[in-house]
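**Q** pasting the structure only:
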């Protein structure tokens with residue numbers, strides 16, 4: 001109601017009835033207006049709006065922009081709240097309940113567009129229908145307001161839904177289509193948004209096995225970041241380049257960008273980058289240098305540290321299992337590998353390939369322990385997991401391990 005909106009805004013601005021009434025209204029008349037017992041003339045309404053520092057239209061709206069800003073502030077805090085590993089949360093249900101009553105009033109302005117975006121993402125997370133239409137509405141509003149970064153984030157979101165489903169080709173198709181539309185409608189794309197688009201495009205090209213296109217986009221993004229002195233996502237780009245070097249057996253590229261990750265980590269005091277560097281160092285010690293004791297020392301350091309992120313623990317557990325296998329401690333290696341879980345965020349073929357190899361190492365351990373049946377089963381699991389993955393040295397290793405174990409079984413007298 002009009003009176004309630006006037007009172008709500010007045011109290012937000014910490015104004016008394018006397019202060020708002022001023023010289024043109026009495027305190028009593030203003031009190032009647034606020035209690036919806038009197039209707040102000042347009043002249044009085046204009047006066048009240050002026051005293052409150054708002055437009056008359058805001059007072060006449062059923063839901064004021066001030067109220068939407070309050071709802072958005074609450075929604076942003078809830079939406080951006082981190083979720084601890086293993087924590088049960090109903091934050092998306094809470095967001096649906098919070099924003100839902102205001103849906104019909106979300107027609108224009110940044111607050112409306114952002115609330116629609118958060119609401120649609122929450123619906124999608126909960127597996128509920130109707131999120132696509134609302135997400136498209138938010139995207140259109142961002143286009144009209146020329147909010148390029150926000151519009152790009154929606155396009156990336158649409159593509160990543162298929163990415164999480166491991167439909168990489170469709171994900172890339174959606175992304176490229178969205179990028180073309182964004183670049184056609186937004187003649188200036190700010191540097192951070194451009195880097196975001198390049199980074200995600202490179203990820204998706206790698207995911208479908210188009211390493212040449214991915215490398216071109218990735219190098220373009222790194223060069224652009226250097227020229228414009230943009231450090232946003234530079235650590236992600238370096239990690240991606242190091243992973244590409246690993247998958248392509250390009251030792252020089254792998255070492256170059258792994259060192260870049262370390263330099264960035266030292267400069268920015270970024271724990272994630274430094275952890276990644278140590279992880280890749282352990283991986284290299286296991287796979288190429290066969291310095292299993294050194295790799296084991298790195299893994300044990302992180303696994304003994306309670307501050308190590310749980311997702312990273314699985315990476316180090318995997319490398320520890322490989323180290324123990326290399327040291328011919330088959331039973332200990334098996335026990336370690338059995339604890340490895342694929343983190344919930346891992347959907348890229350590179351990440352999945354690194355984890356799928358776990359079953360090949362399990363198979364090798366079983367084979368050394370003369371448990372041939374278990375060895376074949378584990379080796380087969382790895383091969384099956386790799387079927388939909390693009391070619392990598394890890395996929396080759398899984399196939400070679402399976403064939404080697406099968407041949408041992410055939411050759412038995």
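**A** In hand now; what should we look at? Just so it is clear, the model here is predicted, and its values are computed rather than measured. Numbers count the residues shown, from 1 in each chain.

**Q** Please, which helix or strand holds residue 259?
**A** helix 251-268 (DSSP states H and E).

**Q** now swap in residue 137 and tell me
**A** Take DSSP H and E as the rule and residue 137 turns out to sit in helix 131-144.

**Q** same question, residue 177
**A** Element membership for residue 177 (DSSP H and E) is helix 168-185.

**Q** Whichever helix or strand comes after that helix vs helix 168-185, what angle?
**A** Past helix 168-185, heading to the C-terminal end, the next element that is a helix or strand (DSSP H and E) is helix 191-207. Helix 191-207 runs at 150 degrees relative to helix 168-185, counting by axes from the mean of the first three to the mean of the last three Cα atoms, to 10 degrees.

**Q** Work out which residue lies at the spatial centre of the chain.
**A** The residue at the geometric middle of the chain, judged as the C-alpha nearest the mean C-alpha position with Cα atoms, centre = their mean, is residue 345 (7.9 Å).

**Q** Tell me which residues touch it, please.
**A** By Cβ atoms under 8 Å, 6 or more residues apart in numbering, the contact set of residue 345 is residue 311. (Each C-beta comes from the backbone N, C-alpha and C, glycine too.)

**Q** Check the secondary structure at it for me.
**A** Using DSSP: H, G, I helix; E, B strand; the rest coil as the criterion, the local structure at residue 345 reads coil.

**Q** number of nearby residues for residue 28?
**A** As a burial measure, the neighbour count of residue 28 was computed by other Cβ atoms under 10 Å and equals 11.

**Q** Check residue 289 too.
**A** By the other Cβ under 10 Å criterion, the neighbourhood of residue 289 contains 11 residues.

**Q** quick one on the thing from earlier: now the helix holding residue 137 and helix 168-185, what's the angle there?
**A** Between helix 131-144 and helix 168-185, the angle formed by their directions is 30 degrees, by the same axes, to 10 degrees.

**Q** Sort out which residues of helix 131-144 are buried, please.
**A** Of the residues in helix 131-144, those buried by neighbour count under the rule 16 or more other Cβ atoms under 10 Å are 131, 134-135, 137-139, 141-143.

**Q** what does that helix rub up against?
**A** The contact list for helix 131-144, computed with Cβ under 8 Å, 6+ apart, reads 103, 108, 112-114, 116-117, 119-121, 123-124, 148, 150-151, 154-155, 157-158, 185-186.

**Q** tell me the mean pLDDT for that helix?
**A** Looking at helix 131-144 alone, the average pLDDT works out to 96.

**Q** now do stretch 43-56
**A** Stretch 43-56 comes out with an average pLDDT of 87.

**Q** Need the residues that contact that stretch.
**A** 6, 9-10, 13, 15, 19-20, 22, 24-25, 30, 33, 40, 42, 58-60, 64, 66.
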